[in-house]
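# next input, structure requested:
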Amino acid sequence: MIQEGDRLPPFRLLDDAGQVVTDADLATGTVVLYFYPRDDTPGCTREACDFRDGLADFRARGVRVFGVSADDVASHVAFRDKHALTFPLLADEGHALCDALGLWGEQVVQGYRFTGIARTTLILREGTVHRVFADVSVVGHADAVLAAC
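Model prediction:
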């Protein structure tokens, strides 16, 4: 799994607007890159809405926020529109980035087993991982990330 001090591996993903986002696009400033299992599920929706609600505070600190899941762009568009999300959602459809970061595999959430993304948040500074939040509990998470920025 990716650790503090590591750099992101090279990647190219589409965002919810169909634009390509690469590792180079995240290599300047402070970036929150949060990985979540699936669009429009209860925990993922709560987390996304908490980041949305705190986005002005992140931006006031010069922090950019990106969500990442293995859902496709169409799913991200529906999720974004349904919940008025105002930050980019990146589609890691083949889960190549999640594989490279060690975030893809068997997960257990509330006794339910599935193969997917481990809910993880990275804070990047100038493209280097500054902080890793693993095994994230959704409640209060966006506030904890903001405090660490």
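# can you give me the helices for this structure?
Under the criterion DSSP state H, the chain contains helices at 42-53, 55-60, 73-83, 96-101, 141-148.
# Glu4 is nearest to which of these?
Between Glu4 and the helices of the chain, the tightest spacing by Cβ to Cβ is seen for helix 141-148, at 11.3 Å. C-beta: built from backbone N, CA, C; applies to glycine.
# and the strands in the protein?
Counting by DSSP state E, the chain has strands at residues 12-15, 20-22, 30-35, 63-69, 89-91, 104-109, 112-117, 120-125, 128-133.
# can you tell me which of the helices of the chain comes nearest to Arg7?
helix 96-101 (11.2 Å).
# just the mean pLDDT for that closest one, thanks.
Helix 96-101 shows a mean pLDDT of 96.
# before we move on, what about stretch 42-60?
For stretch 42-60, mean pLDDT is 97.
# can you check stretch 122-133 too?
The model assigns stretch 122-133 a mean pLDDT of 97.
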